[in-house]
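> Quick one: sequence and predicted model below, then my questions.
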Amino acid sequence: MITTVTMPNKTIAVSIQGLNKSFGDGENRLHVLHDINLTLQSGSMNYIVGPSGCGKTTLISIMAGILTAESGETTLFGTPIHQLKKSQKAKFRRENIGFIFQQFNLVATITNAENVAVPLLIQGKPHGKAIEQAKLLLEQVGLGDKINSFPRDLSGGQQQRVAIARALINNPRLVVCDEPTSALDGKTGAQILELLTVVARDPNRCVVVVTHDNRIYKYADQLIEMEDGRIKSIQQVDHTKPSQF
Ligand SMILES: Nc1ncnc2c1ncn2[C@@H]1O[C@H](COP(=O)(O)OP(=O)(O)O)[C@@H](O)[C@H]1O
Ligand SMILES: [Mg+2]
């Protein structure tokens with residue numbers, strides 16, 4: 001028997017089904033995410049917006065395998081990560097996900113280039129080669145002159161750019177950023193978003209950005225609005241039409 005399989009134009013990067021998450025127990029139990037269903041296509045730039053406390057960081061942390069959901073399914077590029085054991089999940093995360101934390105999480109005692117090189121060093125890449133690659137990326141984010149200095153020598157915006165370079169160095173398939181432009185001025189913010197947009201245009205990759213910054217919605221393919229732990233709306237952006245924002 002011959003069966004014909006029609007391949008979709010785009011593959012699914014992230015599929016989240018029936019996701020629930022609570023923090024705490026008993027009287028202190030806080031139900032933070034309610035039955036979230038979400039699909040992100042490969043080759044797309046996705047923005048998550050919503051008021052403070054609505055569950056954005058929790059959602060992307062589960063998406064990136066950093067937090068575990070109470071119920072529901074999270075599938076990344078065909079791999080159901082909710083079924084992976086802790087060590088398998090950590091390996092999957094190292095190989096496939098770049099996460100830019102809101103608080104940057106840089107290591108104070110090593111140079112900026114070493115911070116960027118950390119994901120490569122963990123994978124066993126020789127130190128010299130890893131640092132060379134880190135330097136190139138630091139140049140791309142406009143920090144070529146800060147390679148040998150330390151995070152403490154940088155402004156908040158510069159530290160954030162180091163965190164972004166560290167998240168991108170592995171060429172991760174999924175890049176997740178928690179409010180990446182909050183500490184960046186207009187010009188640098190635009191440069192970073194352009195860099196992330198280049199990543200998002202790769203048909204095998206996907207970018208998710210949590211933001212309050214409506215100046216940058218023009219970069220989005222999909223805008224996901226959250227409220228009180230729920231998805232309020234999902235809007236596909238048609239770039240052939242004049243900007244809706
Ligand atoms: N580790 C935690 N323990 C208890 N409550 C938490 C924890 N992390 C987040 N919360 C709560 O979950 C809700 C959603 O938080 P968060 O996902 O950080 O929201 P957002 O990123 O949209 O501001 C908030 O009420 C927050 O206080
Ligand atoms: Mg947050």
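It's in. Ligands and ions are numbered 1, 2, ... in the order given.
> in stretch 34-49, what's buried?
Neighbour-count burial for stretch 34-49 flags I36, L38, L40, Q41, S42, G43, S44, M45, N46, Y47, I48, V49 (criterion: 16 or more other Cβ atoms under 10 Å). The C-beta positions use only the backbone N, C-alpha and C, and glycine is treated the same way.
> closest to D228 among those?
Proximity of those to D228 (Cβ to Cβ) peaks at I36, which lies at 11.9 Å.
> Contact residues of this structure facing ligand 1?
Counting by Cβ under 6 Å from any ligand atom, the residues of the chain close to ligand 1 are F23, G24, L30, V32, G50, S52, G53, C54, G55, K56, T57, T58.
> ok, and the closest non-adjacent residue to the second one?
To tie it back to what came earlier, the one meant is G24. L30 (5.5 Å; Cβ to Cβ, 6 or more residues apart in numbering).
> The residue nearest to S44 when sequence neighbours are not counted and D178: what is the separation?
Spatial nearest neighbour of S44, excluding adjacent residues (Cβ to Cβ, 6+ apart): D221 at 4.2 Å. Distance of D221 to D178, computed by Cβ to Cβ, to the nearest Å: 19 Å.
> what do you get for F77?
21 Å.
> Ok, G142 next?
21 Å.
> Same drill for these two, tell me which one is more crowded.
The residue with more neighbours, out of G142 and D178, is D178; 22 against 16, by other Cβ atoms under 10 Å.
> What residues are bridge-paired with that one?
Beta bridges link D178 to V210, judged by DSSP bridges.
> so it touches G98, yeah?
No. Between D178 and G98 there is no contact under Cβ atoms under 8 Å: 12.0 Å.
> can you map out the strands along the protein?
With DSSP state E, the ranges of strands along the chain come out as 12-23, 30-41, 44-49, 71-76, 79-80, 97-100, 174-178, 206-210, 222-227, 230-236.
> if you average pLDDT over the fifth one, what comes out?
To tie it back to what came earlier, the one meant is strand 79-80. For strand 79-80, the mean per-residue pLDDT is 96.
> Report the strands that pair with it, each with its relative direction.
With DSSP bridges as the test, strand 79-80 pairs up with strand 71-76 (antiparallel).
> Run through the helices of the protein in chain order.
56-63, 86-96, 112-122, 127-140, 156-168, 186-200 (DSSP state H).
> Go ahead and name everything in contact with the fourth one.
Pointing back at helix 127-140 there. With contacts defined as Cβ atoms under 8 Å, 6 or more residues apart in numbering, helix 127-140 is touched by 112-117, 120-121, 125, 144, 146-147, 162, 165, 168-169, 195.
> one more time with 6 Å, if that's ok
Applying Cβ atoms under 6 Å, 6 or more residues apart in numbering, the external contacts of helix 127-140 come out as A113, V116, A117, L120, L121, I147, A165, I169.
> buried stuff in it?
Buried-residue list, helix 127-140, by 16+ other Cβ under 10 Å: A130, I131, Q133, A134, K135, L137, L138, Q140.
> what's near enough to touch the residue most central in space within the chain?
By Cα atoms, centre = their mean, the mean C-alpha position of the chain lies nearest to V176, the distance being 0.3 Å. For V176, the contact set (Cβ under 6 Å, 6+ apart) comprises I60, A64, F99, V208.
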